[in-house]
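*Asks:* just a sequence and a predicted model for now, questions to come.
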Amino acid sequence: MKLVPLTSVGEIRFDMHPREYEALLGKPNGVFRRTPDSTDQIYAFDAKLVHLTVDPQNHVTMISVFRPLEVELGGVQLIGRELKSVAEDLSRTTYRFEPRDFGLWCPEAAVGLVELDDLVYGIDMYSTLVKR
């Protein structure tokens, strides 16, 4: 799946309506909140290895994709590889990633690479530029 910053991951786009992403991903197998006081809900499409964070107006605000799915940015495969190797490959692209406690963060693309046991376990892409 190709990641287009601030726009889409594969066929999943930020401008999708709930009916559209359910047609693409099926019914979510769970809905939860990141924190008890959060107004956004996270729709878990675990069979597709995708979570969508949706605001109260039904706008997708974050797309999360998990391994073993393959996601590429700038010609670099992100998920399922050693974080260090991904960082080296990304350093040869126009995207600049910074170390964070969760893995790597690219401010201009609003993309986080989530690391688990030295591997990129998943990606989180936000619909707008945010500070992390």
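*Replies:* It's in.
*Asks:* tell me the SS of the residue of the chain most remote from its centre?
*Replies:* Relative to the centre of the chain, the most outlying C-alpha is that of residue 37, 22.1 Å out, by C-alpha atoms, centre = their mean. For residue 37, the assignment made with DSSP: H, G, I helix; E, B strand; the rest coil gives coil.
*Asks:* what does the pLDDT read for the closest residue to residue 2 other than its chain neighbours?
*Replies:* Among residues not flanking residue 2 along the chain, residue 72 sits closest, at 5.8 Å (C-beta to C-beta, 6 or more residues apart in numbering). Glycine gets a C-beta too; all of them are placed from N, C-alpha and C. What the model reports as pLDDT for residue 72 is 96.
*Asks:* what does residue 22 give?
*Replies:* pLDDT, residue 22: 93.
*Asks:* hang on, it in a helix?
*Replies:* Yes: assessed with three-state DSSP, residue 22 lies in a helix.
*Asks:* next, work out how far apart it and residue 97 are.
*Replies:* 32 Å (C-beta to C-beta, to the nearest Å).
*Asks:* neighbour-wise, which of these two wins?
*Replies:* Comparing residue 22 with residue 97 by other C-beta atoms under 10 Å, the one with more neighbours is residue 97, at 22 against 15.
*Asks:* same for the helix or strand bottoming out on mean pLDDT in the chain, what does it pack against?
*Replies:* Here the helix or strand of the chain ranked lowest by mean pLDDT, DSSP states H and E is helix 18-25, holding a mean of 92. Under the contact definition 3 or more C-beta pairs under 8 Å, 6 or more residues apart in numbering; DSSP states H and E, helix 18-25 sits against strand 12-13, strand 50-54.
*Asks:* direction included, what does the first one pair up with?
*Replies:* In other words, strand 12-13. Partners of strand 12-13 in the sheet, by DSSP bridges, are strand 8-9 (antiparallel).
*Asks:* who touches the strand it pairs with?
*Replies:* 1-3, 14, 63, 65, 71, 123, 125 (C-beta atoms under 8 Å, 6 or more residues apart in numbering).
*Asks:* cool, thanks, talk later.
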